[in-house]
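>>> my questions are about this predicted structure, shown below with the sequence.
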Amino acid sequence: MINPSNINTEIARAAQIAQFRFALIAPVIQDLYADASRTEYYKRVTEKPLTLPDGTVVDYNYKTIEKWVSLYKRGGIDALMPRTRSDKGTTRVLSDEAISRIFQLKQDFPRLNATQIHQ
């Protein structure tokens with residue numbers, strides 16, 4: 001059974017993350033950064049590790065901040081909220097049957113790549 005307090009906690013945490021992300025991209029959105037370009041701003045902001053609202057320290061690539069700007073422009077603050085994996089709660093482990101079938105396909109067709117085998 002789903003615990004409502006856990007859902008509220010998760011929503012509050014996601015909202016905090018979205019606010020944190022917005023605080024980083026706000027100067028770009030409002031065109032108020034002092035750097036010569038957006039990319040320089042992104043790189044400057046990500047030079048040092050950042051501390052998330054829960055206290056976790058994270059190193060971000062400057063392209064992540066760039067992605068957040070794009071997400072915000074397309075979907076607003078809601079787009080900055082972290083998403084749960086669509087396959088959360090399901091196993092991603094291959095069965096023994098699938099593994100043996102992959103080896104058989106690779107043996108029969110050595111030029112097949114992983115994408116072709118998956119299809």
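Received the coordinates, thanks. Residues are numbered from 1 along each chain as shown.
>>> quickly note the distance from residue 45 to residue 63.
According to Cβ to Cβ, to the nearest Å, residue 45 and residue 63 sit 12 Å apart. Backbone N, C-alpha and C define where each C-beta goes, glycine included.
>>> give me the more crowded residue out of these two.
The neighbour comparison of residue 45 against residue 63 (other Cβ atoms under 10 Å) goes to residue 45, with 18 against 12.
>>> which residues touch the more buried one?
By Cβ atoms under 8 Å, 6 or more residues apart in numbering, the contact set of residue 45 is 24, 62, 65.
>>> next up, the contacts around residue 61.
Residues near residue 61 by Cβ under 8 Å, 6+ apart: residue 46.
>>> for residue 17, what is the enclosing helix or strand?
helix 4-29 (DSSP states H and E).
>>> may I have the secondary structure class of the residue nearest to the spatial centre of the chain?
The centroid of the chain falls nearest to residue 82 when counting by Cα atoms, centre = their mean (7.0 Å). Assigned with DSSP: H, G, I helix; E, B strand; the rest coil, residue 82 falls in the coil class.
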